[in-house]
Every structure is written in C-alpha cells, then in structure tokens.
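Enquirer: sequence first, then the predicted structure:
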Amino acid sequence: MLVSSGLPPLYSYPDIAVTVFVIILLIILIFTIFIIDIVNSLKHFIMRRAFMILLVVLAFSQITFSQEASDKISSISWEDIQVVYQLKDVEHMTQGERLTETIKTSLNFGTKNKVQKDCLKKLKQQAAEKGYSVIYVDEQASSNKRFNKRGIKVTLVGRGYKS
C-alpha cells in the first residue's frame, strides 16, 4: 500500500529539486546571454563611435588640406588685381590663360560706365580664382555694343599674368 506524503503522486522530492535546478540554470543562462548581448552592444557601440571619430578626424584633415591648397592658389583678393592696357607692362611676367566676361543689360539699370565697371569686377574675380595678379585687357578684342533702344552689351577680353 502506498503512503501519501501530501504531494501529487507524479512528483517526488528529487524531481522537484531537479526541476528547480533546471529553472535556476535556465535563469542563469538567460542572464548570461543578456549580459553577453549588452557587452557586444557596448563593444559595437564603442567601435562605431571610434569609427565615427576617425571619419570626422579624416574629414576635417581633408578640409584643412583643401583650404590650405585653395589659400595658396587664391591668396590674392580680386580687389588687389592690377589691370593694364599695354603689353609692355606685362613682358616680364608669366602669361596665363585668356579670360572673357560679358554683361548684357538694359541701361535702365545703370550707366554704360557702371556696366563696364561691373564687367571688369567679374573679370578680376575670374583672375583671382585662377591665381593671377595682373590682367592685360585687350581693348581691340573687347567691345561695347548697343542693342534695342536702351540695351548695352559689354565684353571684356583679357589675359591673366602671374608675377
């Protein structure tokens, strides 16, 4: 005859101990996986941060190098560029490329002199971008033409020179 101990007949003390032990092992395993996941996330986070910092440093160094290069090329302001109208003034200088600028506008927006000054300003800006210090303006190739009743087309042709 079986003696009842108050527990259901399918369970005994050793089975409960094994079940509790397995549950504790599962909790430890889940906790360990969670900790490993957190460590991996932190590792990836730190690696991503380090990679981003490296990219930022490289980008800023490239910007610095490109700014230094552009400073060397255009160290002259367009306002400092000299304009000459005779070739003998630039004989001793290194000849650069041909520069042209055209402005076509109505005289309602200014006088002929203002349009010529604006055209010369744009020509100087071109020369400054290319690193020239002097512009020889070829008056024969340059032109001032009227169109319509109040329109003017100013074309300046020059050549940049470096000293």
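Expert: Great, that's in hand. Numbers count the residues shown, from 1 in each chain.

Enquirer: what's the burial count for residue 96?
Expert: 19 (other C-beta atoms under 10 Å). No exception for glycine: its C-beta is placed from N, CA and C like everyone else's.

Enquirer: what's the answer for the one 3 residues further on, then?
Expert: A total of 20 residues lie near residue 99 under the criterion other C-beta under 10 Å.

Enquirer: now residue 101: how far from residue 37?
Expert: Separation of residue 101 from residue 37 (C-beta to C-beta, to the nearest Å) stands at 65 Å.

Enquirer: between these two, which has more neighbouring residues?
Expert: Between residue 101 and residue 37, residue 101 has the larger neighbour count (other C-beta under 10 Å), namely 19 against 10.

Enquirer: where does pLDDT dip in this protein?
Expert: 1-15, 55, 58-59, 61-75, 109 (pLDDT under 70).

Enquirer: backbone phi and psi for residue 98, please?
Expert: Note on residue 98: backbone dihedrals following degrees, to the nearest 10 are phi -80, psi 140.

Enquirer: domain map for the chain?
Expert: 11-73, 78-162 (automatic domain parsing).

Enquirer: looking at the ones you listed, which is buried most?
Expert: Of all those, domain 78-162 has the most neighbours on average by mean count of other C-beta atoms under 10 Å, namely a mean of 15.

Enquirer: ranges for the strands of this protein?
Expert: Using DSSP state E, the strands of the chain run over 82-84, 94-106, 134-137, 143-147, 151-162.

Enquirer: next one: the fourth one to chain centre, how far?
Expert: Average the C-alpha atoms of strand 143-147, do the same for its chain, and the two points are 41 Å apart (C-alpha atoms, centre = their mean, to the nearest Å).

Enquirer: can you check stretch 24-31 too?
Expert: Counting by C-alpha atoms, centre = their mean, stretch 24-31 comes out at 52 Å from the chain centroid.

Enquirer: also stretch 123-142?
Expert: The answer for stretch 123-142 is 28 Å, by C-alpha atoms, centre = their mean.

Enquirer: swap in stretch 153-163?
Expert: Distance, centroid of stretch 153-163 to centroid of chain: 31 Å (C-alpha atoms, centre = their mean).

Enquirer: residues in contact with it?
Expert: 83, 90, 93-104, 112, 115-116, 119-120, 123, 126-127, 130-138, 141-147 (C-beta atoms under 8 Å, 6 or more residues apart in numbering).

Enquirer: go again using 7 Å as the cut-off
Expert: The list of residues contacting stretch 153-163 from outside it, by C-beta atoms under 7 Å, 6 or more residues apart in numbering, reads 90, 93-104, 115-116, 119-120, 123, 127, 130-138, 141-145, 147.
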